[in-house]
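S.K.: Following is a predicted model, sequence given first.
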Amino acid sequence: MENIRDKESVISTEVALKEINDFLYIYTFKDKTDKEIEEDYPQLITAIEKGMLVFDSDNEMKPTFTLLNPVRADDDSITNDKIVFRTRMKASDNARMMRGLEMSKNQGDYVNRCYGYFAGFSSKNYLDKLSRFDQKVVEQISAVFL
């Protein structure tokens, strides 16, 4: 497993903070201070600094994340090394995510299903295959769209 500290920074913290603020504004309609971003999205800052997280240059700023530790199959071949996030969940998809769950008891399952949905995973169990850093990035990006 690769360590995030071993990757060289290619983008300054100031640029990373601005990119995250621009991204957040598009989806939440409000600006955040640098301090709020540093507290709420520390792994996103690191991922941008290391060149692993980029946003499309169009008006949507759709995020693409290159995994620190690619997901591997049993034969050690890489099955996934990049995530292009969905930025919207339709009402019908949301209903499908909730199907079979008693929301008062299964909120964690619902959230994991949503994380998997936004990351384009075929199953929420795919989250279990991510490294801790990669999972945090997926969670922090997906939470913006919930």
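M.R.: Cool, the structure landed. Numbering: from 1, shown residues only.
S.K.: Mind listing what's buried along the strand ranked longest in the chain?
M.R.: Counting residues, the longest strand found in the chain (DSSP state E) is strand 63-72. By 16 or more other Cβ atoms under 10 Å, the buried positions in strand 63-72 come out as 63, 65-71. For every residue, glycine as well, the C-beta is placed using N, CA and C.
S.K.: ditto for stretch 11-28
M.R.: 11, 16-17, 19-21, 23-24.
S.K.: any idea where the helices of this structure begin and end?
M.R.: Here the chain has its helices, by DSSP state H, at 13-28, 34-40, 42-49, 91-98, 107-119, 132-145.
S.K.: Quickly compare those helices and say which is most buried.
M.R.: Mean neighbour counts were compared across these using mean count of other Cβ atoms under 10 Å; the top stretch is helix 42-49, at a mean of 22.
S.K.: now what about it, what contacts it?
M.R.: Helix 42-49 has contacts (Cβ atoms under 8 Å, 6 or more residues apart in numbering) with 4, 9-13, 15-17, 19-20, 37-38, 53-54, 65, 133, 136-137, 140-141.
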